[in-house]
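> no sequence on this one, just coordinates:
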């Protein structure tokens, strides 16, 4: 049980870390510091698992 809880907590931490990167990129984009590349499309809702 303890091992499963540790695995779950680790997965949650990784998801939060990736979401932080995505939020940062989106903030920079909306501030005009990043431009959209041809072929790059923003998803309506990012689904990070």
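Looks like it came in fine. All of these numbers come straight from a predicted model, not from anything done at the bench.
> Pull up the distance across stretch 24-38, start to finish.
One end of stretch 24-38 to the other measures 20 Å (CA to CA, to the nearest Å).
> Got the phi and psi for residue 20?
The phi and psi values for residue 20, taken as degrees, to the nearest 10, are phi -60, psi -40.
> what number of residues lie near it?
10 (other CB atoms under 10 Å). Placement of C-beta: from N, CA and C, glycine included.
> Quick check: it vs residue 1, distance?
When distance is defined by CB to CB, to the nearest Å, residue 20 is 29 Å away from residue 1.
> May I ask which helix or strand encompasses residue 34?
When elements are assigned from DSSP states H and E, residue 34 belongs to no helix and no strand.
> That one contacts residue 27, doesn't it?
No: judged on CB atoms under 8 Å, residue 34 makes no contact with residue 27 at a distance of 9.3 Å.
> So the residue nearest the centre of the chain versus residue 12, what's the distance?
Nearest residue to the geometric centre of the chain (CA atoms, centre = their mean): residue 19, 2.6 Å. Remark: distance between residue 19 and residue 12 (CB to CB) = 10 Å.
> Could you do residue 36 as well?
In terms of CB to CB, residue 36 sits 30 Å off from residue 12.
> again with residue 2
16 Å.
> More neighbours: the two, which one.
residue 12 (10 against 6).
> Check which helices and strands the host helix or strand of that one sits against.
Per DSSP H and E, residue 12 falls inside helix 2-30. In terms of contacts (3 or more CB pairs under 8 Å, 6 or more residues apart in numbering; DSSP states H and E), helix 2-30 is not packed against any helix or strand.
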